[in-house]
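Asks: What follows is a predicted structure for the sequence shown.
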Amino acid sequence: MENVVSGSSREALLPLGKEVPFADIELALGRSGLDDGKRAPGRALTATIVVVGPHARLAEAAQSVEQLTDVGVRAILISNGDNPSPSVRVLDHAVAIEELRPEYLNNAVAALRLSSLPTVVWWRGGNPEMLDGLAELSDRLVLDAEDPADVWSRVNALSERTATSDLRWARLTRWRALMTQFFDIPEVRDSAGGFTRLTIDGADSHAARLYAGWLSSSLGWTGGVAIDVRPGAWTAAVQRIELGNGDHALTLALGPSGRCIQASAHVQGYDGGSRVVSLGDQCLTTVIGGELRIRSRDQAFERAVAAAQGVA
Amino acid sequence: MNPLQDGLRLEPTPGPAILVIFGASGDLTRRKLLPALYRLSRDQRLPARFSIVGVAREEFGDQGFRDEFLESLREFAGVTHEDEVAHSLCERLHYIGGDFQNPAIYQQLAAQIQTIDATGGVLFYLAIPPGAYPNVIEQLGAAGLATTTGPGWRRIIIEKPFGTDLRTARELNGIVHQHFAEEQVFRIDHYLGKETVQNLMVFRFANGMFEPVWNRRYIDHVQITAAETVGVERRAAYYEGAGALRDMVQNHLMQLLSLVAMEPPIAFTAESVRDRKMDALLSVQPLAGEHVVRAQYRGGWVAGAEVPAYRQEPSVAAASTTETFVALRLQLDSWRWAGVPFFLRTGKRLPKRTTEIAIQFRRPPLQIFKRVSRSSVAPNLLIINVQPDEGISVRFEAKLPGTRMQLAPVMMNFRYGTAFGGSVPEAYETLLLDAMLGDPTLFARHDFVESSWALITPIHERWGAEARATLPDYEAGEWRCDESDALIEREGRRWRTL
């Protein structure tokens, strides 16, 4: 479609969707699957997911939410813009509204979310000031900005209004779980006070800082541990994490396949060898699908974000 | 206390543990336990310090057991030999071969546990023929393996069948309790690990709208069906001595019945839940002879293949009177259920593999559409599908579109597979993990097992006294069983068509 503002040509969100006037979205959703002779499959609806961001980042998200609509989720894609007559497409349980003016955003979400079911906002970028209104309308806010600095600084305030999380945080779940399992071992807990260095290699320094912030806030570090975030020419967001003191270390490293993590612990009195566990499915659909299952406030994330802002 | 546990998104994982599987070369281990352990490991549900020790008669050695493990994953979990997680877990497998009656095995096991990790927990899993339970339990006790003075724990999982009647169940409980305290004992019934069975409690007790109608005022009757398409397969030696009543009713169906009938627990804690289930079971009245029917399948067609009669199955006696089908009418003597019959049926070689609980509600007191609608009003139905398509359905009446007032039943379906997405854990994954975490909520307590045997044993004694040469039969691949149909139809009710 033609972008009115820039004049550039680009693929519409939900290209297979039916183009409808804004006022007819509800009607089109209700008739979804009927007009072409198909019957919409009966299903239990579970949530609304609202994806907000610049058009370029919504195209990728659109594929994921199309899959989520197969499991009872209503998806609303809204790209930021300034079009007085935004284009609207409807496909099954998904709606795409392109170039919506910021002042209409809250009204669009309020009108289209499923009543009495959770609403999750997936924030892929835009003016961070819009987050305040979205927080009021949602049960969960999942941040997913390319540069999270502006939004992370707002997390504490947003968390007072709605449960707030971050997709980077979600992707670190397996890495956090493995580190946590090390601390189930008494010898590791006994050695923890002697750790002096945390090194994180990976392509995403924001993720590395978040991880460091989590460890720092959970273990109560007050400056005795040097944190070394080493962004390099890695393909993976996180490649290797080592917490130790030169002689002893807890190490997590991405395996050669990129699908598994190798974990090994060598501390005073314990040499557990290494084990390999799955990194889990890291595709966008699975990660955001996982976020839809979480309802509660994530205070560990809030503390981690606060601490991450002090990590260089 | 683990300082990183707070706020972790994954479920808690157990502390350091060793799983000792007696019967490591058996079918259950290969088909269910090893694939479940692989999936738990893949999903990071196993502790960082975790090992498996297999014990069986065969002299595999560590490497042989590891090869068996990889082979079972390939066959039953679709995991390739190159899988990194499988190979990593493989290195944590150990094996002890020998006769379970030989005390030296247990000394060897004690030494192995000492070598691997004496400070963590040890979970013994009896995946062996039930006849071997007493000996293994006694030997574990004699070797000092049932208790620990250290910071770890010792627990035991015992597979069904737990005894063959009330007397043997009591004897087995007596032997178990000589060596293990009740809180160490996890009597497994894999039905309880299924999502829908757990969801039954959520459905009843987390929703305000269902519990008020969950009683004799609104419910006409309850049907619980566990139907299998398979015959005895390789289990003839066991099944000939067990039959459908022992194999399915005493454990699985009684568990389902108690979950449907129980009063609300005061909290979702193991003891509270199990106390209320126990109350429900104790309210079941002794079964009168006319309220139990049995039958045996004759030849027929199942899933497009011709199948032989039960008596012609390999290793089945030519004059066998083992029942392959049983149907019961139970009455619960409680304020909630007085006058509401519970019909249970289970059988092999039925047309469809399905397990479900159907709650049939009373019809509306006044049939106001009788004069205008030609169709009769079907009673409301709530169906809890336990397997294979886990979910919940509600049947209610709706007006057919058109100018005339005509009614038709419609079904509103909730399916786990489509509502939430993602994969549903296998029952053995849930139960293995719960046992390692020390949560017995989904396991049978000693008094439950004995009380369910107390209901079943008199039936067996009656059947034994009858000494019939033949049983009523039903055609393999058909629902129709005259005796079973008569049991429910004499009260003006019908089995659900599945």
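Replies: Everything's here; your move.
Asks: Spell out which parts of the stretch 201-312 of chain A neighbour chain B.
Replies: Neighbours of chain B within the stretch 201-312 of chain A, by Cβ under 8 Å from any Cβ of the partner chain: A:215, A:218-220, A:255, A:257, A:259-260, A:262-263, A:265, A:272-278, A:280, A:289-290, A:293-294, A:298-301, A:303. Yep, even glycine has a C-beta here, placed from its N, CA and C like the rest.
Asks: Next, the residue of the stretch 101-250 of chain B found nearest chain A: secondary structure please.
Replies: Residue nearest to chain A within the stretch 101-250 of chain B (Cβ to the nearest Cβ): B:Thr119, separated by 7.3 Å. What DSSP: H, G, I helix; E, B strand; the rest coil gives for B:Thr119 is coil.
Asks: quick one, what contacts it?
Replies: By Cβ atoms under 8 Å, 6 or more residues apart in numbering or on different chains, B:Thr119 lies in contact with A:Pro186, B:Pro16, B:Gly150, B:Pro151, B:Gly152.
Asks: Out of the residues you listed, flag the one nearest to A:Leu14.
Replies: Taking Cβ to Cβ as the measure, A:Leu14 sits nearest to B:Pro16 out of these, at 50.0 Å.
Asks: Pretty sure that closest one sits against A:Phe182.
Replies: No: the pair B:Pro16 / A:Phe182 is not scored as a contact, 11.1 Å apart, by Cβ atoms under 8 Å.
Asks: Overlap in contacts, those two.
Replies: Common neighbours of B:Pro16 and A:Phe182, using Cβ under 8 Å, 6+ apart, are B:Ala48.
Asks: Give me the more crowded residue out of the two.
Replies: The neighbour comparison of B:Pro16 against A:Phe182 (other Cβ atoms under 10 Å in any protein chain shown) goes to A:Phe182, with 26 against 21.
Asks: Now restrict the residues of the stretch 201-312 of chain A next to chain B to buried residues only.
Replies: The neighbour-count criterion (16 or more other Cβ atoms under 10 Å in any protein chain shown) marks A:215, A:218-219, A:255, A:259-260, A:262-263, A:265, A:272, A:275-278, A:280, A:289-290, A:294, A:298, A:300-301, A:303 among those as buried.
Asks: Give me the subset of these that lies in strands.
Replies: Judged by DSSP state E, these include A:Cys260, A:Gln262, A:Ala263, A:Ala265, A:Gly272, A:Arg275, A:Val276, A:Val277, A:Ser278 as members of strands.
Asks: I'd like those as CSV, with pLDDT appended.
Replies: Listed next are these as CSV, based on pLDDT from 0 to 100:
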residue, pLDDT
A:Cys260, 92
A:Gln262, 93
A:Ala263, 93
A:Ala265, 92
A:Gly272, 74
A:Arg275, 88
A:Val276, 90
A:Val277, 90
A:Ser278, 89
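Asks: of those residues, closest to chain B?
Replies: The shortest gap between chain B and any of these belongs to A:Val276, at 3.5 Å (Cβ to the nearest Cβ).
Asks: Is the closest residue to that closest one other than its chain neighbours in a helix, a strand, or coil?
Replies: With sequence-adjacent residues excluded and distances taken as Cβ to Cβ, 6 or more residues apart in numbering or on different chains, A:Val276 is closest to B:Ser88, at 3.5 Å. Three-state call for B:Ser88 (three-state DSSP): helix.
Asks: Next, the contact list for B:Ser88, please.
Replies: Neighbours of B:Ser88 in contact, by Cβ under 8 Å, 6+ apart: A:Cys260, A:Gln262, A:Ser274, A:Arg275, A:Val276, A:Val277, B:Ser41.
Asks: how far away is it from A:Thr180?
Replies: Note on B:Ser88: its distance to A:Thr180, by Cβ to Cβ, to the nearest Å, is 18 Å.
Asks: in the stretch 1-150 of chain A, which spans are helices?
Replies: A:25-30, A:55-68, A:102-112, A:130-137, A:149-152 (DSSP state H, counting those that start in this stretch).
Asks: Show me what the fourth one is packed up against.
Replies: Spelled out, it's helix A:130-137. With contacts taken as 3 or more Cβ pairs under 8 Å, 6 or more residues apart in numbering or on different chains; DSSP states H and E, helix A:130-137 sits against strand A:47-53, helix A:102-112, strand A:119-123, strand A:140-143, helix A:155-159.
Asks: Residue of the stretch 351-498 of chain B closest to chain A, please.
Replies: Chain A sits closest to B:Gly421 of the stretch 351-498 of chain B, with a gap of 3.6 Å, by Cβ to the nearest Cβ.
Asks: neighbours around B:Gln296, how many?
Replies: Going by other Cβ under 10 Å, the residues that sit close to B:Gln296 add up to 24.
Asks: cool, and B:Glu11?
Replies: Using other Cβ under 10 Å, B:Glu11 is surrounded by 11 other residues.
Asks: And the helices in the stretch 151-300 of chain A?
Replies: A:155-159, A:167-171, A:173-182, A:186-191, A:205-219, A:284-292, A:299-308.
Asks: Now do the buried residues in the fourth one.
Replies: Within helix A:186-191, the residues that qualify as buried by neighbour count (16+ other Cβ under 10 Å) are A:Pro186, A:Glu187, A:Val188, A:Arg189, A:Ser191.
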